[in-house]
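**Q** One predicted model, sequence on top.
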Amino acid sequence: MNRKSSFNRLSSLTGVACASAFAVLLLGCRSATYMKADTTAGDLQRAGNELRAEVALLESVTNSLNDLIANPGGDLRIQFGRFTDALEHLEKTAHSAAARSGELRKDGENYFKEWDRQLLTVSDEQIHQASANRKADTMKLFDTSMQRYDEAQNAMTPLIAYLRDIRTALSVDLTTAGLQSAKVPAANATQQAVKAREALLHTMADLDALAAKMCFFVQPAQSAGKSS
């Protein structure tokens, strides 16, 4: 198993563990402050998974478009249909991911407010300061992650609009000449997609790190003599 597959599998397992632990603990300590952190961690994991789907769909869109432009053959409607279907799915996923930003920010706001409320009950100065420092660090990471999340989603909007323009042009001129005229726009879209993909991947890494930081489930360490 390569490093990327292992990382994705570990992120998925951590998300499942957080969600499972959350469901079990709902039977008991509903008012525990750490439950708010775990709720946020679960939502961050779901947002990360949505970004993974967005990356896969973006690759599908550009691959199908480039295949139509570079390797046309037979009934062009078939290849064009693959491009169109992939683009429609990408639009829906990107719209859903963009709308999730408000939910994530609300989760964070509620959690940090509860953290502040609990801090007021801590009388020991050293413990109070340590917790306040941890809160400041976590809040900074949360704010940075959310800023990158919004930037990544905002970058998708003009790219999808550009891809829609290509689709519209080809829909009325699905001919050899039409494909020839779409070569430059398709190349531009591919370059933009590379940048958008990198931004999405960085945001995914941010969300995974933040979710792990806020989740109360800790992956057990492997024993020194146990091979992976």
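**A** Sure, I can see it.
**Q** longest helix anywhere in the protein?
**A** Of all segments of type helix in the chain, defined using DSSP state H, the longest is helix 125-172.
**Q** So what does residue 121 look like in phi/psi?
**A** When quoted as degrees, to the nearest 10, the phi and psi of residue 121 stand at phi -90, psi -10.
**Q** ugh, wrong one, residue 123
**A** The phi/psi pair for residue 123 (degrees, to the nearest 10) reads phi -90, psi -30.
**Q** Can you give me the pLDDT of it?
**A** pLDDT, residue 123: 91.
**Q** Quick check: residue 106 vs residue 120, distance?
**A** Here the distance between residue 106 and residue 120 works out to 22 Å (Cβ to Cβ, to the nearest Å). C-betas here are computed from N, CA, C, even on glycine.
**Q** got it, and residue 147?
**A** 28 Å.
**Q** ok, now residue 199?
**A** 39 Å.
**Q** Please identify which of these two sits among more neighbours.
**A** A count of neighbours by other Cβ atoms under 10 Å puts residue 199 above the other of residue 199 and residue 120, at 18 against 8.
**Q** my read: that one touches residue 152, true?
**A** Yes - shown here, residue 199 and residue 152 form a contact pair, counting by Cβ atoms under 8 Å, at 4.2 Å.
**Q** where does this protein dip in pLDDT?
**A** Judged against pLDDT under 70, the low-scoring parts of the chain cover residues 1-37, 215-228.
**Q** and residue 64, what does it touch?
**A** Residues in contact with residue 64, defined by Cβ atoms under 8 Å, 6 or more residues apart in numbering, are 79, 82-83, 86.
**Q** Regarding it, which helix or strand does it belong to?
**A** helix 33-70 (DSSP states H and E).
**Q** how much distance is there from that helix to the middle of the chain?
**A** If you compare the mean C-alpha spot of helix 33-70 with that of the full chain, they lie 4 Å apart, counting by Cα atoms, centre = their mean, to the nearest Å.
**Q** What residues sit buried inside that helix?
**A** Neighbour-count burial for helix 33-70 flags 35-52, 54-55, 57-58, 60-62, 64-66, 68-69 (criterion: 16 or more other Cβ atoms under 10 Å).
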